[in-house]
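K.L.:
got a predicted structure plus its sequence, pasted below:
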Amino acid sequence: MAFDFFENWVEFFFFVLLIIGFLLSLAAPSAVLSYIIIFVAGMMAGRLFFERKNNQVFPYILMVIGFIIGYILGAYYGNKIIILTLFVIGSALSY
């Protein structure tokens, strides 16, 4: 049973974005920089949701959730609740 990319692309990008979010949060040397990065990432996610609002949006929601989980798991500096809140605020403002 081989990996079929065209059937499982969402799961693949979920995992890739989970790793990218984890590494990106580890690279942030302070809580303030971590908050700025996640706010900007939230704004990009809000823009993505706005562009895809008439099409299938669920696969993109799963990929963004993967990024958020990875970022929160790797966040050494900063409060995880504040990180999630800033992401949601950035998404809502950008949408």
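P.N.:
Cool, the structure landed. Numbering: from 1, shown residues only.
K.L.:
check the residue at minimal distance from the centre of the chain and give its pLDDT.
P.N.:
Centre of the chain computed as the mean C-alpha position; nearest residue by C-alpha atoms, centre = their mean is Phe67, 3.2 Å away. Reading off the confidence values, Phe67 has pLDDT 94.
K.L.:
point out where this protein drops to low pLDDT.
P.N.:
1-3 (pLDDT under 70).
K.L.:
now do the helices in this protein.
P.N.:
Applying DSSP state H to the chain gives helices spanning 9-27, 31-51, 58-74, 80-94.
K.L.:
residues in contact with the third one?
P.N.:
Here helix 58-74 makes contact (C-beta atoms under 8 Å, 6 or more residues apart in numbering) with 9-10, 13-26, 38, 41, 45, 48-49, 52, 80, 83-84, 87. Bear in mind the C-beta positions are built from the backbone N, C-alpha and C, glycine included.
K.L.:
recalculate using a threshold of 6 Å.
P.N.:
Residues outside helix 58-74 that contact it (C-beta atoms under 6 Å, 6 or more residues apart in numbering): 10, 13-14, 17-18, 21-22, 25-26, 45, 48, 52, 80, 83.
K.L.:
what's the neighbour count on Ser30?
P.N.:
A count of neighbours around Ser30, defined by other C-beta atoms under 10 Å, yields 10.
K.L.:
how near is it to Ile69?
P.N.:
To Ile69, Ser30 is 22 Å away according to C-beta to C-beta, to the nearest Å.
K.L.:
report the contact partners of Gly21.
P.N.:
Applying C-beta under 6 Å, 6+ apart to Gly21 gives the contacts Phe67, Gly70, Tyr71.
K.L.:
swap the cut-off to 7 Å and go again
P.N.:
Phe67, Ile68, Gly70, Tyr71, Gly74 (C-beta atoms under 7 Å, 6 or more residues apart in numbering).
K.L.:
from those residues, which is closest to Ser34?
P.N.:
Nearest to Ser34 among those, counting by C-beta to C-beta, is Tyr71 at 8.4 Å.
K.L.:
neighbours of the closest one, how many?
P.N.:
Residues within reach of Tyr71, counting by other C-beta under 10 Å, total 27.
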